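S.K.: Sequence and predicted model, in that order:
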Amino acid sequence: MDRLIENQISSYLKSQSRNKIVFYKDNIFDFPAIDVGNLLAQAIFNLKDEIKLPMRVSSELDLILNATIIDHKSYGRILAISNIGILLEPDLKQDFNRLLENNSNSNALFVHWTGEIDEEYIYFQTKDQGKKINIKNLSHITL
């Protein structure tokens, strides 16, 4: 990894911000990001009761995310996630901002984001046709 990027991340993670979120497009790290979409789809595959679906998704998602936090030699406790489009499905009724906030308070959250990003919003897919998510109240950096 580029030394400048590594220093930028380290400096950001040492700051006193409430959240520590790193959005990145290219996988330049020495740790894998967990495939949330795949793991969550497997966990809820046989669920027949659609009324309980949002609760089950929340529960399974917490189990998946908590089990994949690692101690990284340079960045401390981290959670790295990818393929998170499933969390934006309306039927699952997940609060995506809450997920980002809750998982970036006590550890660094690395989010592989393939959509577009600007200072205040991330866009699932594109600015013109994608879902717009407000992140201006979340401390983050974009690589």
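M.R.: Received the coordinates, thanks.
S.K.: For the most centrally placed residue in the chain, give the beta-bridge partners.
M.R.: Among the residues of the chain, the one closest to the centroid is Val111, at 4.1 Å (Cα atoms, centre = their mean). Note on Val111: beta-bridge partners by DSSP bridges are Phe23, Ile81.
S.K.: Correct me if wrong: Leu138 contacts Asn19.
M.R.: Yes - assessed by Cβ atoms under 8 Å, Leu138 is found in contact with Asn19 at 4.9 Å. No exception for glycine: its C-beta is placed from N, CA and C like everyone else's.
S.K.: Find residues that contact each of these two.
M.R.: Residues touching both Leu138 and Asn19 by Cβ atoms under 8 Å, 6 or more residues apart in numbering: 100-101, 104.
S.K.: and the helix ranked longest in the chain, which residues are buried?
M.R.: If you go by DSSP state H, the chain has its longest helix at helix 53-67. By neighbour count with 16 or more other Cβ atoms under 10 Å, helix 53-67 contains the buried residues 56-58, 60-61, 64-65.
S.K.: where does this protein dip in pLDDT?
M.R.: Scanning the chain for pLDDT under 70 picks out no residues.
S.K.: quick one: the helices in it?
M.R.: 3-14, 36-43, 53-67, 96-102.
S.K.: So which of the ones you listed is nearest Ser82?
M.R.: Nearest to Ser82 among the helices of the chain is helix 36-43; the distance by Cβ to Cβ comes to 6.9 Å.
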